[in-house]
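K.L.:
A structural model of the following input is requested.
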Amino acid sequence: MIRVGVCGLLFSGALAGAAEARPASTGFFAEGGLGAVTFLPAAGKDAAIGPAMNLRIGRDLFSFLSLGVYLAASSHEATLPPPPEGQFFQLYRGGADARLGGRFDKIALFVEGGLGASMISSNVLEKVMLTKPGSHFSVTFHGGAGLEYQLENRHYAFGLAVDAFLEPQFANIKALDTRLYLRYTYGGG
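P.N.:
The predicted model follows:
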């Protein structure tokens, strides 16, 4: 009888603990991130790694699916053979994407992908034919994955994500965008 009472007490305590667990919020969200953009081999010898900023807003449709829009900017040194020397350019990107993921207690894993557009600020890469004369815009395809840690306050999460992107109009430039971000979710669901 005592054994059944102790087991029942432990079981009810476990259920109470599970009932008190607070799931992550779902709803409208905003993310701000800092990181770096690294160009892959074909363009990597002519464009140095550079700091990047990202802003993303969207809506969680379900706990496992989100849709959003993003803006990103990065700055890079052109490492071309001289002349010129000491030239910099900026890469601006924006678009829409979807994120599919799953949560395991405080950790969430996700994959994301989308479509957008890019603008390069300078013609400095024309010398090595990474951009065409007068061409400053490209379609951008991106896809990647990440991991997110849910804070005690269920509206906030920190995350790390890595996205690869392709810009066909810029001689098929391929790059990696790595970012650390803070996410705030406005919803209560």
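K.L.:
so which strand or helix has Gln90?
P.N.:
In this assignment (DSSP states H and E), Gln90 forms part of strand 87-104.
K.L.:
what residues of that strand count as buried?
P.N.:
Neighbour counts over strand 87-104 (16 or more other Cβ atoms under 10 Å) mark Gln87, Phe89, Leu91, Arg93, Gly95, Asp97, Arg99, Gly101 as buried. (C-beta placed from N, C-alpha, C; glycine too.)
K.L.:
same question for stretch 101-117.
P.N.:
Gly101, Ala108, Phe110, Glu112, Gly113, Gly114, Gly116.
K.L.:
contact partners of it?
P.N.:
Contacts to stretch 101-117, defined as Cβ atoms under 8 Å, 6 or more residues apart in numbering, come from residues 23-24, 63-64, 66, 70, 93-100, 137-150, 157, 159, 161, 163.
K.L.:
kindly report the same for stretch 92-99.
P.N.:
Applying Cβ under 8 Å, 6+ apart, the contact partners of stretch 92-99 are 58, 65-73, 110-121, 140, 142, 165.
K.L.:
one more time with 7 Å, if that's ok
P.N.:
Residues from elsewhere that reach stretch 92-99 (Cβ atoms under 7 Å, 6 or more residues apart in numbering): 65-73, 110, 112-119, 140.
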